[in-house]
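Enquirer: Here is a sequence together with a model predicted from it:
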Amino acid sequence: MVYERTASKWVRVSASEPCSICGQKRYCTRTADGTAAKCMKVESGTSVKTGGWVHKLDDPLPERVAPPPRKIDYELWRNRCAEAYRHKLAGKVRAEEAERLGLSPGILDRLYVGAGVDAKHGVYSTWPQRDGKARFVGYCRRFSDGTKMSEKGGKQGLFYLLHWYLSAGPLFVVEGGSDVAALAGIGAVTIGRFSNVGGADMIATAWNGLTKKPQIVVVGEMDEKPHKRGTLKSCKLDCPGCSNCWPGKYGAIHTAVQLSSALGVDVRWAMCPDGCKDAREWASKNRGASVIDWIEDMKGGVNVKVSQARQLLMSGTMESEVRALGGP
């Protein structure tokens with residue numbers, strides 16, 4: 001069953017009131033009237049189109065006042081991203097990030113990566129996020145130790161070059177800004193979602209705005225966590241891959257299903273090739289490679305239609321497809 005709406009507003013969990021299902025202090029939500037929780041980690045029989053599962057609560061939580069819908073000031077975020085891009089440390093930060101992540105400084109410049117300084121954590125790079133209409137909606141702060149934080153007041157969005165659609169070939173939907181930088185650096189058409197299951201609605205909007213519409217391939221990260229199998233009722237010891245034990249794989253399938261449903265087209269999905277965790281690791285391992293090399297490496301795994309993926313999601317039996325998609 002796919003859950004779409006509720007009569008009660010949703011309230012985000014917090015450190016003082018974590019998710020009643022999984023215990024997380026972020027990402028999950030509960031209804032204002034306390035009768036249901038939407039968990040991003042633990043599955044139930046009721047999924048949500050934007051990600052997560054609804055759990056009806058036999059013992060309702062205390063009622064909470066839902067915050068008003070957040071309105072994004074696009075002009076404000078365009079200016080904030082521009083200020084960060086022009087920051088006096090921006091050039092130095094882009095060069096250091098490029099060196100640390102194995103990326104091209106020029107691509108980081110085209111992604112509008114900027115800089116800022118946090119009194120507590122120090123210098124960070126800013127990675128602008130846009131909606132499906134290319135409007136700035138916020139940015140992600142990335143620190144030298146790899147920590148990432150969303151800037152307060154904005155919302156999660158996509159990572160992509162302004163004219164991402166001008167290159168030829170399939171559209172590779174990856175996860176995160178650095179993966180976009182890695183693939184854009186070799187000439188691939190790419191968009192980065194902000195999480196393993198986030199951003200499908202924005203990607204659909206961006207794709208619908210194109211005159212020539214490319215084949216979509218959602219790329220999953222090789223981030224399997226075998227030690228987590230058996231830790232949840234929904235994730236058994238023989239689980240072939242779910243949001244708990246293999247978020248990259250689950251997110252690729254989930255996003256492909258969402259995009260196919262929204263666009264009415266066949267959307268493919270595959271795991272990152274060559275045994276690499278993500279596109280950035282692949283680019284680093286294959287320095288000097290071209291987009292043709294990436295596509296050639298991907299070919300063996302891109303062979304599952306989204307109609308099959310949907311069946312796998314619903315049934316939870318993905319074993320027969322793991323090897324075909326680059327898994328063990």
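Expert: It's in.

Enquirer: could you measure the closest residue to Pro62 other than its chain neighbours against Cys22, distance?
Expert: Among residues not flanking Pro62 along the chain, Gly34 sits closest, at 5.9 Å (CB to CB, 6 or more residues apart in numbering). No exception for glycine: its C-beta is placed from N, CA and C like everyone else's. As judged by CB to CB, to the nearest Å, Gly34 and Cys22 stand 17 Å apart.

Enquirer: What degree of burial does the residue nearest to Pro62 show, as a neighbour count?
Expert: 17 (other CB atoms under 10 Å).

Enquirer: Now do the contacts for the spatially most central residue of the chain.
Expert: Against the mean C-alpha coordinate of the chain, by CA atoms, centre = their mean, the closest residue is Ser195 at 2.4 Å. The contact partners of Ser195, by CB atoms under 8 Å, 6 or more residues apart in numbering, come to 51, 156, 175, 251.

Enquirer: Relative to its centre, which residue of this protein is most distant?
Expert: Each residue of the chain has a distance to the centre, and by CA atoms, centre = their mean the biggest one is for Asp59: 32.7 Å.

Enquirer: list the buried ones in stretch 110-125?
Expert: Neighbour counts using 16 or more other CB atoms under 10 Å place 110-116, 124-125 of stretch 110-125 among the buried residues.

Enquirer: Quick one: distance of that stretch to the chain centre.
Expert: Its chain's C-alpha centre lies 21 Å from the corresponding centre of stretch 110-125 when counted by CA atoms, centre = their mean, to the nearest Å.

Enquirer: and what of stretch 40-60?
Expert: The offset between the C-alpha centroid of stretch 40-60 and the centroid of the whole chain comes to 19 Å, using CA atoms, centre = their mean.

Enquirer: again, but for stretch 104-111
Expert: 20 Å.

Enquirer: buried stuff in that stretch?
Expert: Using 16+ other CB under 10 Å as the test for burial, stretch 104-111 gives 104-105, 107-108, 110-111.

Enquirer: Likewise for stretch 266-281?
Expert: With burial defined by 16+ other CB under 10 Å, the residues of stretch 266-281 counted as buried are 267-273, 276, 278-281.

Enquirer: for Trp282, phi and psi?
Expert: Per-residue torsions, Trp282: phi -60, psi -50 (degrees, to the nearest 10).

Enquirer: Count the residues that sit near it.
Expert: Neighbours of Trp282 under the rule other CB under 10 Å: 25.

Enquirer: What residue spans form the domains of the protein?
Expert: Per automatic domain parsing, the structural domains of the chain span 1-58, 72-157, 163-328.

Enquirer: So which of the ones you listed is the most surrounded?
Expert: Among the domains of the chain, judged by mean count of other CB atoms under 10 Å, the one packed with the most neighbours on average is domain 163-328 (a mean of 19).

Enquirer: Might one say that Gly209 is in contact with Met202?
Expert: No: Gly209 is beyond contact range of Met202, at 11.1 Å (criterion: CB atoms under 8 Å).

Enquirer: Could you name every residue contacting both of the two?
Expert: With contacts defined as CB under 8 Å, 6+ apart, the residues shared by Gly209 and Met202 are Gly132.

Enquirer: where do the helices sit along the stretch 151-300 of the chain?
Expert: 177-184, 200-208, 247-263, 279-285, 291-299 (DSSP state H, counting those that start in this stretch).

Enquirer: any idea how far the closest residue to Tyr250 other than its chain neighbours is from Glu151?
Expert: Leaving out its chain neighbours, the residue that sits closest to Tyr250 by CB to CB, 6+ apart is Ser243, at 4.6 Å. For Ser243, the distance to Glu151 (CB to CB) stands at 26 Å.

Enquirer: Please apply the same query to Pro68.
Expert: Pro68 is 20 Å from Glu151, where distance means CB to CB.

Enquirer: thinking again about what came up before, ok, so of the buried residues of stretch 104-111, who is nearest Ala184?
Expert: When these are compared for distance to Ala184, the smallest value, 5.5 Å, is given by Ile107; criterion: CB to CB.

Enquirer: Touching, the closest one and Ala184? I think so.
Expert: Yes: if you go by CB under 8 Å, Ile107 and Ala184 touch, sitting 5.5 Å apart.

Enquirer: overlap in contacts of these two?
Expert: Here Ile107 and Ala184 have no joint contacts, going by CB under 8 Å, 6+ apart.

Enquirer: per-residue confidence for Ser307?
Expert: Model confidence at Ser307, given as pLDDT, is 47.
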